[in-house]
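# Only the shape, not the letters, is given here:
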């Protein structure tokens, strides 16, 4: 996909926030359109558009996160049975 940076900043935080807002918003708009008869008329195409944008942004966000994980020199946090712990990048790739 390739959207990993906006200028010099990683695009992932912005993309994650968009997905976090759009998923519940899409669900609420679809429910309003289904349950509220006048909602279908008032909302028109808005529920479909927000759902479509969400469906497009989810794989882009996932790809940006995976690229950030593989290209980052920083520590990776793994959550296991003993709780969250910071491990080096080499150890994180070895652990299951």
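Yep, it's here. This is a predicted model, so every value here is computed, not measured.
# quick one: low-confidence parts of the chain?
Within the chain, the segments meeting pLDDT under 70 span 1-4, 72-96.
# can you do 80?
Low-confidence segments of the chain, defined by pLDDT under 80: 1-10, 68-96.
# Against which helices or strands is the strand or helix carrying residue 34 packed?
Here residue 34 sits within helix 12-35, counting by DSSP states H and E. On a contact count with 3 or more C-beta pairs under 8 Å, 6 or more residues apart in numbering; DSSP states H and E, helix 12-35 meets helix 37-43, helix 46-71. From N, CA and C alone the C-beta is placed, and that goes for glycine too.
# and residue 7, which of the ones you listed is closest to it?
Taking C-beta to C-beta, helix 46-71 is the member of the helices and strands packed on helix 12-35 nearest to residue 7, at 14.3 Å.
# what angle do that closest one and helix 12-35 make?
160 degrees (axes from the mean of the first three to the mean of the last three C-alpha atoms, to 10 degrees).
# helices or strands up against helix 46-71?
Here helix 46-71 touches helix 12-35, going by 3+ C-beta pairs under 8 Å, 6+ apart.
# returning to that earlier point: in the helix holding residue 34, what counts as buried?
Burial within helix 12-35, assessed by neighbour count using 16 or more other C-beta atoms under 10 Å, is assigned to 12, 15, 18, 19, 22, 23, 25, 26, 29, 30, 32, 33.
# pretty sure the last one is touching residue 39, no?
The one in question is residue 33. Yes - look at residue 33 against residue 39 with C-beta atoms under 8 Å: they come within range, at 5.1 Å.
# Dump the helices and strands packed on helix 12-35 to a markdown table, plus distance to residue 7 and mean neighbour count.
Listed next are those as a markdown table, based on distance: least, C-beta to C-beta, whole Å; neighbours: other C-beta atoms under 10 Å:
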| stretch | distance to residue 7 | mean neighbour count |
| --- | --- | --- |
| helix 37-43 | 35 | 12 |
| helix 46-71 | 14 | 15 |
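# Which among the ones you listed is found nearest to residue 5?
Of the helices and strands packed on helix 12-35, nearest to residue 5 by C-beta to C-beta is helix 46-71, at 8.9 Å.
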